[in-house]
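K.L.:
Here you go, sequence then predicted model.
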Amino acid sequence: METLFTEQGLGSDWSVEVRFQGEFVGTILPSSDSKHYRYFQGHSKEIYVMEDHDLGALKDRIARKLQRHGMLEQGRAAHR
């Protein structure tokens, strides 16, 4: 199961698009003071669900969460 992070834009327009198994799942944006990175799940950019001062660490946390969720979904499908 692949998690793909694609950086987009420059300066104040910079963001990271997050895709899991080819589907859009969220966006990473810098905080207003640029001291943290915030992950917004889905298309809404109003409430973030994860935050970290280190972009690499945040990407790792997101990928692990998506992998766990994907494995749970596969397990449920196998038992149907």
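P.N.:
Here it is on my side, so go on. Residues are numbered from 1 along each chain as shown.
K.L.:
Compute the distance between L66 and L4, please.
P.N.:
In this view, L66 and L4 are 10 Å apart by CB to CB, to the nearest Å. The way it works is simple: take the backbone N, C-alpha and C, and place the C-beta from them, glycine included.
K.L.:
If you count surrounding residues, which of the two has more?
P.N.:
A direct count of neighbours by other CB atoms under 10 Å for L66 and L4 places L66 higher, at 19 against 14.
K.L.:
what's the burial count for the residue nearest to the more buried one when sequence neighbours are not counted?
P.N.:
Excluding the flanking residues, the one nearest L66 by CB to CB, 6 or more residues apart in numbering is F20, at 4.5 Å. F20 has 19 neighbouring residues, counting by other CB under 10 Å.
K.L.:
F20: what's it in contact with?
P.N.:
1-4, 66, 70 (CB atoms under 8 Å, 6 or more residues apart in numbering).
K.L.:
Pairing-wise in the sheet, spell out the partners of it.
P.N.:
Taking DSSP bridges as the rule, F20 bridges to T3, E23.
K.L.:
try T27
P.N.:
Applying DSSP bridges, one finds that T27 bridges with E17, F40.
K.L.:
how close does it sit to H36?
P.N.:
14 Å.
K.L.:
These two: which has the busier surroundings?
P.N.:
T27 (19 against 16).
K.L.:
Surely the more buried one touches V18?
P.N.:
Yes. Assessed by CB atoms under 8 Å, T27 is found in contact with V18 at 6.5 Å.
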